[in-house]
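S.K.: got a predicted structure plus its sequence, pasted below:
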Amino acid sequence: MGHRVLIFVQHLRGIGHLQRAATLARTLAADGVQVDFVSGGMPVPEIGLAGVTLHQLPALRSPDDSYTRLVDAEGRDATPALNASRRKALVGIFQATRPDAVMVEMFPFGRSQIKAEMVALVEAARAAVPRPLVISSVRDIIAAKREASRYDEMADQVAAWFDAVLIHGDPAVIPFEESFPAARRIRQWIHYTGYVLSGPAATPAPDSGPREVLVSAGGGAHGAKLMKAAMAARANGMLSTAIAGAPWRLLTGPNIPPRQAAELERLAGDGIVIERMRTDFRNLLAHARVSVSLCGYNTAMEVIAARVPAVMVPSGSGRQNEQRRRAGALARIGLAEQVSEADLDGHSLAAAMNAAVGRQPGPGGAMPAIDMSGAETTRRLVSKWLSRGKAETGTALRARG
């Protein structure tokens, strides 16, 4: 009988967390693992879960960038009754599916807004007989915390509840300890997988047809300012002829507010195509002359994998510094130009786009290599651990790797 894995992901505003978790789910399913995928965020029909069983909890989302409160699908504040029903449903899915492993996305390094649900799930898993493996799946960077003691608290939670922590990044680019100072305390739990690439691989570029300027805003919740700056850059006369004369495609993202989407449609002139979302984003990148994007995890990795001249405009302020850290790291190793959100306008963006297109490759004509094997390495590690049997303790798992 094959193995079964339950994955729980909660996306609050963008869709990056959902995309990464869905990619891992599809990769495990393609290997013969039965995957139950529990989503606590707004439904995204285009996400693609072939071969995976989807369980949708009553949706919760963050209405703004503060992430200080959650609302339901209709925008009403989450109530204690709704939270309790979600916890009951989540534990019920675990009890009904009896998985061999439970993977929770971001917790305990994030998702404090739904901590009660996460704790209920991992405690149910720890109490089950036989006990499944409990795995944390986390991106390369976590958001800064207000109090330093929170990092030690997270490390304590890893030690108490988890058998392994999968970090979907490359330590040669961004070591986990840069954003999580207590990493040394949990080093025996940590397994770097490399970055996870979402979506189908690109197909070869066509023999004819102009290459595009591709401007993308990920999920779209933070992209209106970027789109307006791109239009201003196109109109200000500062761009090189190769960029200014190319066709432009703006991907606003599925979560852009309708009013902002309508405004962008009004502003767009000839030579600009505006779309909300494409399922062939990596294919578009492979054919692009230059990419301009935010620096969320999925978008950044897809851009870098395409080896296309790139400009990154990280969003987020204050402690929400994940995108700024990632953009800075990629700029330092020569893989992208960076424009801060505070400095973003038509002039700064045009200058960065010209620099990106004019950038010369590194020594020998090669660009710096980044480990992009995240999905496959996750599959290999989880399959290896499951093959040892559920009876093996987390301590033994960590000792043997």
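M.R.: Received it, and whenever you're ready, just let me know what you need.
S.K.: measure stretch 27-34 end to end?
M.R.: Across stretch 27-34, the terminal residues are separated by 11 Å (CA to CA, to the nearest Å).
S.K.: contacts for it?
M.R.: Residues from elsewhere that reach stretch 27-34 (CB atoms under 8 Å, 6 or more residues apart in numbering): 2-5, 35, 50-53, 375-376, 378-379, 382-383, 386. For the C-beta atoms, the positions are set from N, CA and C on the backbone; glycine is no exception.
S.K.: buried only: go through those residues for me.
M.R.: Listed as buried from the contacts of stretch 27-34 are 3-5, 35, 52-53, 375, 378-379, 382, 386; burial here means 16 or more other CB atoms under 10 Å.
S.K.: tell me the contacts of the residue of the chain most remote from its centre?
M.R.: For the chain, the largest distance from the centre (CA atoms, centre = their mean) belongs to Gly237, which lies 34.6 Å off. Taking CB under 8 Å, 6+ apart, we find Gly237 in contact with Ala244.
S.K.: so it: helix, strand or coil?
M.R.: coil (DSSP: H, G, I helix; E, B strand; the rest coil).
S.K.: for it, give its distance to Trp248.
M.R.: 15 Å (CB to CB, to the nearest Å).
S.K.: show me where the stretch 51-200 of the chain has strands.
M.R.: 53-56, 60-61, 71-72, 101-105, 133-139, 164-168, 190-192 (DSSP state E, counting those that start in this stretch).
S.K.: figure out which of the ones you listed is closest to Lys228.
M.R.: Across these, the minimum distance to Lys228, taken as CB to CB, is reached by strand 60-61, at 24.5 Å.
S.K.: biggest helix in this protein by residues?
M.R.: When the chain is parsed with DSSP state H, its longest helix is helix 80-97.
S.K.: low pLDDT regions in this structure?
M.R.: 1, 199-209, 220-222, 317-319, 360-367, 389-401 (pLDDT under 70).
S.K.: domains of it?
M.R.: Per the record, the chain has its domains at 4-197+373-395, 212-365, by automatic domain parsing.
S.K.: what strand or helix carries the closest residue in space to Gly14 that isn't next to it in sequence?
M.R.: Excluding its sequence neighbours, the residue lying closest to Gly14 (CB to CB, 6 or more residues apart in numbering) is Gly219, at 3.6 Å. Using DSSP states H and E, Gly219 sits in no helix or strand.
S.K.: ok, Gly219 touching Leu251?
M.R.: No: at 10.5 Å, Gly219 does not count as touching Leu251 under the criterion of CB atoms under 8 Å.
S.K.: check the gap between Met112 and Ser137 for me.
M.R.: For the record, residue 112 is Ser, not Met. For Ser112 relative to Ser137 (CB to CB), the value is 17 Å.
S.K.: out of the two, which sits in the more crowded spot?
M.R.: Neighbours were counted for Ser112 and for Ser137 using other CB atoms under 10 Å; Ser137 has more, 26 against 15.
S.K.: shouldn't that one be in contact with Glu105?
M.R.: Yes: counting by CB under 8 Å, Glu105 is a contact partner of Ser137 at 5.0 Å.
S.K.: break down the stretch 1-150 of the chain into its helices, ranges please.
M.R.: 16-30, 80-97, 115-127, 149-161 (DSSP state H, counting those that start in this stretch).
S.K.: coming back round to it: run through who's touching the longest helix of the chain.
M.R.: Outside of helix 80-97, the residues within contact range by CB under 8 Å, 6+ apart are 4, 6, 8, 36, 38, 40, 55, 57-58, 60, 72, 102, 114, 116-117, 120-121, 124-125, 128.
S.K.: okay, buried residues for that helix please.
M.R.: Taking 16+ other CB under 10 Å as the criterion, helix 80-97 shows 82-83, 86-87, 89-91, 93-94, 97 as buried.
S.K.: same check, this time on stretch 299-313
M.R.: Buried-residue list, stretch 299-313, by 16+ other CB under 10 Å: 299-306, 308-313.
S.K.: kindly report the same for stretch 267-281.
M.R.: 268, 272, 274, 277, 281.
S.K.: got it, and stretch 137-149?
M.R.: Buried residues in stretch 137-149 (16+ other CB under 10 Å): 137-143, 145.
S.K.: of the residues you listed, which is the nearest to Leu335?
M.R.: Closest to Leu335, out of all of the buried residues of stretch 137-149 and judged by CB to CB, is Asp140, at 14.1 Å.
S.K.: from what I can see the closest one touches Leu166, true?
M.R.: No: contact between Asp140 and Leu166 fails when scored by CB under 8 Å: they sit 11.3 Å apart.
S.K.: burial check on Pro45, number of neighbours?
M.R.: 7.
S.K.: gap between it and Leu18?
M.R.: 12 Å.
S.K.: for Asp343, same thing?
M.R.: Computed as CB to CB, the Asp343 to Leu18 distance reads 30 Å.
S.K.: between these two, which is the more surrounded one?
M.R.: Applying other CB under 10 Å to Asp343 and Leu18 shows that Leu18 carries more neighbours, namely 24 against 12.
S.K.: show the contacting residues for Leu386.
M.R.: So Leu386 contacts 3, 5, 33, 100-101, 133 (CB under 8 Å, 6+ apart).
S.K.: and if you look at Ala128?
M.R.: 94, 98 are the contacts of Ala128 under CB under 8 Å, 6+ apart.
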